[in-house]
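[1] quick one: sequence plus predicted model below, questions after.
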Amino acid sequence: MTQLNETTLKELVDRIFGDLGGAFSVPLVRIGDDLGLYKTLKAIGPATAEEVAVAAGCTPRYVREWLAAQAASGYVHYENGRFSLTPEQAYVFAEPDSPVNLIGAFDTAAAMVGNQAKVQSAFKTGEGVAWGDQAGCMFCAVARLFRPGYVNALVQEWLPALDGVNAKLKSGATVADVGCGHGVSTVLMAQAFPKSQFTGYDFHLGSIAAAKAHAEAHGLTNVQFEVGRAQDFDGSDFDLITCFDCLHDMGDPEAAASHIKKALKEGGTWMVVEPLAGDTLEENINPVGRLYYSASTMICVPTSLAQETGLALGAQAGEKRLTEVIRSGGFTHVRRAAQTPLNMVLEATW
């Protein structure tokens, strides 16, 4: 038998126990969000389990066990028989516009587990799993996952980092948001720049329906949504075209790059927001890379392989590879204009 290093083994097992604690917490966090338990704790805490249950309209015995699990996870604070959320815990679990609200990540994790059978089968066949065929409402979870980053950085940091784009948007520009999903990014831009006109495109009919409802709920008149693929959507003479966290999901991102260049007017800009990544596996062996590689295995690669060409860049393609794809469409200038701990913003012109 191979001699084991007991110290190394203990470190590995301890890490896996920590991972399992997080995995076991996925349904509990989603229950807490769906039933308003986190919001209730924020509003009335410190409180007993019974007080939380009554305020949330839930059964005390379930809430008591849920709170015990949350306290053991460090997700809620427990002291002298009463539970509460610290400001930091509330920032993660109870404030939807917080830049570190992570409820969408738990929703995405649940959808990934539900997607296992389809992706596992694809491991053998080499086929993809289409975006609309993903388990549960994967696109709902992903929209919620990305929303905090967009709310806190898109208008405030990313657009101002582009050369001359903000001035165009303020005076009145035409913008296409390609791969818009539920339209979170499109609506945020339309709200911030009422003199500009925005069109969101996505190849998934259900996402376009959700995007239209989102825009209507905000009473916006300067935004529209259409079903369209990145490589052949309608429209031309755009001042700005954006792609948020979707280029690596496309089956043929090089064809998309070519079409996007043709759809831009002279002097136009393509903004590409992608997951932050180094160019090698060695650079991405870290907590962020761990999350993105896992999501890429279960979501991004299967989605791309289900489409025409199926290039399957993956969520950790890295700036070098992304730049090659962008340049293949005829763009001659590509630079990293901004970044966050989770995203890089690339500006492409010619």
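    Okay, I see it.

[2] now name the helix or strand holding residue 24.
    helix 6-34 (DSSP states H and E).

[3] and that helix, what does it pack onto?
    helix 60-73, helix 87-93, helix 103-114 (3 or more C-beta pairs under 8 Å, 6 or more residues apart in numbering; DSSP states H and E). Glycine gets a C-beta too; all of them are placed from N, C-alpha and C.

[4] got the angle between it and helix 60-73?
    140 degrees (axes from the mean of the first three to the mean of the last three C-alpha atoms, to 10 degrees).

[5] now the helix or strand just after helix 6-34 - C-alpha only, PDB.
    Counting by DSSP H and E, the next helix or strand C-terminal to helix 6-34 is helix 37-44. Presented in PDB, the C-alpha positions along helix 37-44 are these (Å, rounded to 0.1, in the frame of the first residue of the first chain):
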ATOM      1  CA  LEU A  37     -35.900  34.700   6.400                       C
ATOM      2  CA  TYR A  38     -32.800  36.800   5.800                       C
ATOM      3  CA  LYS A  39     -34.800  39.900   5.200                       C
ATOM      4  CA  THR A  40     -36.800  39.200   8.400                       C
ATOM      5  CA  LEU A  41     -33.600  38.700  10.400                       C
ATOM      6  CA  LYS A  42     -32.300  42.000   9.100                       C
ATOM      7  CA  ALA A  43     -35.500  43.800  10.000                       C
ATOM      8  CA  ILE A  44     -36.100  42.400  13.500                       C
END
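
[6] hmm, who's touching helix 37-44?
    With C-beta atoms under 8 Å, 6 or more residues apart in numbering as the test, helix 37-44 has contacts from 31-32, 47, 51-52, 55-56, 58, 63, 66, 76, 83-85, 90, 93-94.

[7] to the chain's geometric centre, what's the distance from the helix holding residue 24?
    22 Å (C-alpha atoms, centre = their mean, to the nearest Å).

[8] now do it against helix 37-44, angle only.
    Going by the same axes, to 10 degrees, helix 6-34 makes 70 degrees with helix 37-44.

[9] measure residue 173 to residue 189 for me?
    Residue 173 sits 10 Å away from residue 189, taking C-beta to C-beta, to the nearest Å as the criterion.

[10] now for the two: what residues contact both?
    residue 196.

[11] between those two, which is the more surrounded one?
    Set side by side, residue 173 and residue 189 show more neighbours around residue 189, with 25 against 22, by other C-beta atoms under 10 Å.

[12] so that one touches residue 151, yeah?
    No - using C-beta atoms under 8 Å, residue 189 is not in contact with residue 151, being 11.7 Å away.

[13] how many residues are close by residue 161?
    Residues near residue 161, counting by other C-beta under 10 Å: 17.

[14] list the residues that contact it.
    337, 338, 345, 347.

[15] so how far is residue 243 from it?
    The value you get for residue 161 to residue 243, if C-beta to C-beta is used, is 16 Å.

[16] where in the chain is the helix or strand with the lowest mean pLDDT?
    helix 138-153 (a mean of 92; mean pLDDT, DSSP states H and E).

[17] so how far is that one off the chain centroid?
    Centroid displacement of helix 138-153 relative to its chain, using C-alpha atoms, centre = their mean, is 5 Å.

[18] that helix to helix 103-114, inter-axis angle?
    Using the same axes, to 10 degrees: helix 138-153 against helix 103-114 is 160 degrees.

[19] what about the helix or strand that helix 138-153 is followed by, average pLDDT?
    As assigned by DSSP H and E, the chain's next helix or strand after helix 138-153 is helix 165-171. The pLDDT scores in helix 165-171 average 98.

[20] hmm, who's touching helix 165-171?
    So helix 165-171 is contacted by 159-160, 173, 175, 189, 192-193, 195-196, 239-240, 269, 271 (C-beta under 8 Å, 6+ apart).

[21] ends of stretch 210-223, how far apart?
    Stretch 210-223 stretches 14 Å from its first residue to its last (C-alpha to C-alpha, to the nearest Å).
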